[in-house]
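>>> this one's sequence-less:
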């Protein structure tokens, strides 16, 4: 099996129509059979999502990657998801990301150099090894080397599904948590534990000591990395206020990557899996305002329309996960047809030592959740 990261032959796929790609994708999948499994995140675009074997949010897909039996795991998502698939899958399996440009702006807001510097500065302020007082918790929306950082220091990974459970686990071991890269999920999680906002401070990685005083660091229970999701930051409390004024009977549900004011004003807050489950199980004829990625909201609206449920996107402007949008029918057709020819394009392979430490943190998460 030949493995290549880039193939100039992709250029000719750019001229293919979506309909042509769909036909070629189906033909390639028929030839590959069970040798390849397609995993798709809920935020994936519809013309790719339709081909998925398995779908879900980050936690579900982490588990599915660990259970996959196919030789190839084709991950229609973003880079960190494919890394998790490589880490959690068997040694003989190959994880593939159809377009290497499919990244995550949130994940990019925390890198190993900045987190390592923050850890060192915490030790300077606390006067001892920070591992004695601080548990590093990384959101799954992060690079593999940050998961390894947590694994090596007794830390853990969390998802939006299990963040509260993970935080309880962390506080049972040490009095402080360094939570990265999404400040909003960390803040909402602390709020769920009954923690006042004053006990949660934002660590700005571009400032010395996070822009905090020694007293703020010593008094804080959660140190929130200054990071966010570019999609979920678009939702505002004013969107909810306008919806409630027009539809007082309506129900609001938001993802915990939204800012605190949006979460606090919502009737329900939860992961993409929670959002889907809650709306699908709701009574017929209900109306919903949903604060999460557009592809998911539109798909969900179509699925529940037969029950006279109305699902409305929260923002007044279009905002979708632009990097995940890069996985298009053209890239998927190119990836699968190369596999048919015995070529692996865009393999995601985490270095062995890094993968071992990252798996420690992921295994802790799966055991706790």
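Now that the structure is in, tell me what you want to look at. Computed from a prediction, not measured in an experiment: that's the story for all the values here. Residues are numbered from 1 along each chain as shown.

>>> Kindly report the domain assignment for the chain.
Domains of the chain are assigned by automatic domain parsing as 2-101+323-350, 107-229, 232-313.

>>> Residue 365: which of those is closest?
Of all the domains of the chain, domain 107-229 sits nearest to residue 365, with 4.4 Å by Cβ to Cβ. C-beta: built from backbone N, CA, C; applies to glycine.

>>> so how far does that closest one reach from one end to the other?
From its first residue to its last, domain 107-229 covers 9 Å (Cα to Cα, to the nearest Å).

>>> now that domain: mean pLDDT?
Averaging pLDDT along domain 107-229 gives 97.

>>> and residue 39, what element?
Element membership of residue 39, judged by DSSP states H and E, is strand 36-41.

>>> What average pLDDT does that strand get?
Rounded mean pLDDT across strand 36-41 is 92.

>>> what helices or strands is that strand leaning on?
Helices and strands touching strand 36-41, by 3 or more Cβ pairs under 8 Å, 6 or more residues apart in numbering; DSSP states H and E, are strand 54-56, helix 58-67, strand 72-76, helix 79-88.

>>> rerun that using 7 Å as the cut-off
Using 3 or more Cβ pairs under 7 Å, 6 or more residues apart in numbering; DSSP states H and E, the elements in contact with strand 36-41 are strand 54-56, helix 58-67, strand 72-76.

>>> Please identify the deepest-packed of the ones you listed.
strand 72-76 (a mean of 27; mean count of other Cβ atoms under 10 Å).

>>> related to what we said a few turns ago, can you put the domains of the chain in a markdown table and add distance to residue 357?
Listed next are the domains of the chain as a markdown table, based on distance: least, Cβ to Cβ, whole Å:
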| stretch | distance to residue 357 |
| --- | --- |
| domain 2-101+323-350 | 10 |
| domain 107-229 | 4 |
| domain 232-313 | 25 |
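
>>> and of those domains, who's closest to residue 358?
Nearest to residue 358, of all those, is domain 107-229, at 3.7 Å by Cβ to Cβ.

>>> hey, what's the closest residue to residue 166 other than its chain neighbours bridged with?
Closest residue to residue 166 apart from its sequence neighbours, by Cβ to Cβ, 6 or more residues apart in numbering: residue 158 at 3.9 Å. Beta bridges link residue 158 to residue 139 when assigned by DSSP bridges.

>>> which residues touch residue 158?
Residues in contact with residue 158 (Cβ atoms under 7 Å, 6 or more residues apart in numbering) are 137, 139-140, 166, 365.

>>> what pLDDT, on average, does stretch 70-86 get?
Stretch 70-86 comes out at a mean pLDDT of 93.

>>> residue contacts, residue 135?
Residues near residue 135 by Cβ under 7 Å, 6+ apart: 154-155, 170, 173-174, 177.

>>> Can I take it that it is in a strand?
Yes - secondary structure assignment places residue 135 in a strand (DSSP: H, G, I helix; E, B strand; the rest coil).

>>> If it is in a bridge, with which residues?
Counting by DSSP bridges, residue 135 forms beta bridges with residue 177.
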